[in-house]
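1. I'll drop the sequence and a predicted model, then ask my questions.
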Amino acid sequence: MATLDKAGAASDVDFRLVYQPIVHVDTGTVAGVEALCRFADGRAPEHWFKECERLGSAPALDLAIIERALADLSQLPTGYLSVNLSPSTLRDPRLTDLLLSPDVPADRIVVEVTEHARVADYLEAQRVLGALRKAGVRVAVDDAGAGYASLRHVVELRPDFIKIDRDLVHGLAEDHARRVAVSAFVLLSLDLNASVIAEGLERPADLAALYDLGVDAAQGYLLGRPSTRPTDLAAWLRRDGAAKAPTLGE
């Protein structure tokens, strides 16, 4: 079974990656895919990430996941590959060594900074993200609307993508307060020249509401479940620049 040692280093953490498409709301074409982690012991990814954060081994696990995702990049649909990292990983010099390697197509990489852990030093985070951006890597704030200092996280990091937490997306069509909250992120994105992505989309009615509010893209079971099956990847490739998503009155 995968474990963590007392020194806080990731040890024998057995995981696999699955990929989920991120789809343009207006056209249904694939913008990119997000790498998601699944652990062999069956426990939720949040369990492992919180435990690694507690032990100080989050950077080691994040970097192992990113390295594996980069190895899969050539087999994924065109567009960007989005990978998650904890704010603590921004302080690890191995991150820039990995992402700024000459073998990595930086313009196809998006790093998602999660909101479920606190950013200890925004100036240091901005410095590291600035170096990545200079090379072409783009930045997303994950789970916007949940976790630590949500609006400050967005304002300080000035992301290229704002990913709205699934709790704000589910039920959006019937809930005025959720629509107001999502609208606020859309307005903020216009000022920051960022794109807004809705997470956890499961219902056609919510997708129609996202379209009405001007949200750029979405991901969720309605548009594609996380997968590594060649048939799914091929379908996403066909959709990329072609077919429309199963939405908006269809």
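-> Cool, the structure landed.

2. contacts for the longest helix seen in the chain?
-> Secondary structure of the chain read by DSSP state H shows that its longest helix is helix 176-192. With contacts defined as C-beta atoms under 8 Å, 6 or more residues apart in numbering, helix 176-192 is touched by 144-145, 151, 154-155, 158-159, 162, 164, 168-169, 171-172, 194-196, 198, 209-210, 213-216. C-beta: built from backbone N, CA, C; applies to glycine.

3. Apply the buried test to those residues and list what passes.
-> Applying a neighbour-count criterion of 16 or more other C-beta atoms under 10 Å, the buried members of the contacts of helix 176-192 are 144-145, 154, 159, 162, 164, 168-169, 171-172, 194-196, 198, 209-210, 213, 215-216.

4. Who is the residue nearest the centre of the chain paired with across the strands?
-> With distances taken as C-alpha atoms, centre = their mean, Glu112 lies nearest the centre of the chain, 4.8 Å away. Partner residues in beta bridges with Glu112, using DSSP bridges, are Asn84, Ala140.

5. returning to that earlier point: now intersect the contacts of helix 176-192 with the helices, please.
-> When DSSP H is applied, these are split such that 151, 154-155, 168-169, 209-210, 213 fall in helices.

6. Could you identify the most distant pair in those?
-> Val155 and Ala209 (25.3 Å; C-beta to C-beta).

7. what's near enough to touch the nearest residue to Gln75 once chain neighbours are set aside?
-> Computed as C-beta to C-beta, 6 or more residues apart in numbering, the closest residue to Gln75 that is not its neighbour in sequence is Leu233, at 6.8 Å. Shown in contact with Leu233 (C-beta under 8 Å, 6+ apart): 19, 75-77, 227.

8. Gln219 now?
-> Applying C-beta under 8 Å, 6+ apart to Gln219 gives the contacts 20-23, 34, 197-201.

9. any idea how far the helix or strand where the residue nearest to Gln75 lies is from the chain center?
-> Assigned by DSSP states H and E, Leu233 belongs to helix 230-239. On the basis of C-alpha atoms, centre = their mean, to the nearest Å, helix 230-239 is displaced by 20 Å from the centre of the chain it belongs to.

10. ok, and for it, which residues are buried?
-> Of the residues in helix 230-239, 232-233, 235-236, 239 count as buried by neighbour count, 16+ other C-beta under 10 Å.

11. can you redo these as CSV with distance to Phe15?
-> Converted to CSV, those look like this (distance: C-beta to C-beta, whole Å):
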residue, distance to Phe15
Asp232, 19
Leu233, 19
Ala235, 25
Trp236, 22
Arg239, 27
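
12. Closest one to Ser82 out of those residues, please.
-> Taking the buried residues of helix 230-239 together and measuring to Ser82 by C-beta to C-beta, the closest member is Trp236, at 13.9 Å.

13. So which of the contacts of Leu233 belong to strands?
-> Tyr19 (DSSP state E).

14. ok, so of the contacts of Leu233, who is nearest Pro105?
-> Using C-beta to C-beta, these come closest to Pro105 at Leu76, 11.4 Å.
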